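A.B. asks: Fold the stuff below for me.
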Amino acid sequence: MAPRLVILDRDGVINHDSDEFIKTPAEWLPIDGSIEAIARLSSAGFTVAVATNQSGIGRKLLDKPALNAMHDRLRALVKDAGGDLDRIVYCPHHPDDGCECRKPAPGLYKQLSRQYGVPLDGVPIVGDSERDLEAARAVNARPILVLTGKGSKTAADLQQRGDSVETFADLDAAATQLIAETRKQAS
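C.D. replies: The predicted model follows:
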């Protein structure tokens, strides 16, 4: 059976973002409720994956061991909250590298689609930036905006252009909606 997949951006959705980049595990600080939201999604039967741009590697601001330590901490926190975070994929490239994996390109999402063996049509993808939303639309997924991180600015920019997208205050609120939908479908 194909997994019920949800894909999350990392910085600004799960943890606090920084214009100076998150360079060390000590700088990686979860947003209130985000770890519990991932655990609740997992417990409700979702396979939770993360797809994140990490150009700090390409910019030589952090190295892979530091990034891995952040992801190990994220996984441990989710496990301690009673959930499971299945996969984390990331783009390490500099924005000028022209790769296919840096959002708004859909390469990370296509990678997850191949790894799970499922199409991404209608799969919820939660992000806080237009890059996340554009990449989700490119694979016919269900783009969801959260107002944490860069989300409030993104929402204002979209509104100014007359564009709309499903929007929630934070990952916890988005998770609550997704779980409610699956319960409604099951009944």
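A.B. asks: Poorly predicted segments of the chain, please.
C.D. replies: Scanning the chain for pLDDT under 70 picks out the ranges 1-3.
A.B. asks: ok, longest strand in it?
C.D. replies: strand 46-53 (DSSP state E).
A.B. asks: how about the strands of this protein, start to end?
C.D. replies: Counting by DSSP E, the chain has these strands, from start to end: 4-8, 46-53, 87-91, 124-127, 142-146, 166-168.
A.B. asks: Turn those strands into TSV, including distance to residue 187 and mean neighbour count.
C.D. replies: Bear in mind the C-beta positions are built from the backbone N, C-alpha and C, glycine included. Below are the strands of the chain laid out as TSV (distance: least, Cβ to Cβ, whole Å; neighbours: other Cβ atoms under 10 Å):
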stretch	distance to residue 187	mean neighbour count
strand 4-8	16	23
strand 46-53	17	23
strand 87-91	30	19
strand 124-127	20	27
strand 142-146	21	24
strand 166-168	22	17
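A.B. asks: Quick one, which of those strands gets closest to residue 63.
C.D. replies: Counting by Cβ to Cβ, residue 63 lies closest to strand 87-91 out of the strands of the chain; the figure is 12.9 Å.
A.B. asks: which residues does residue 52 form a beta bridge with?
C.D. replies: Assessed by DSSP bridges, residue 52 has beta-bridge partners residue 90.
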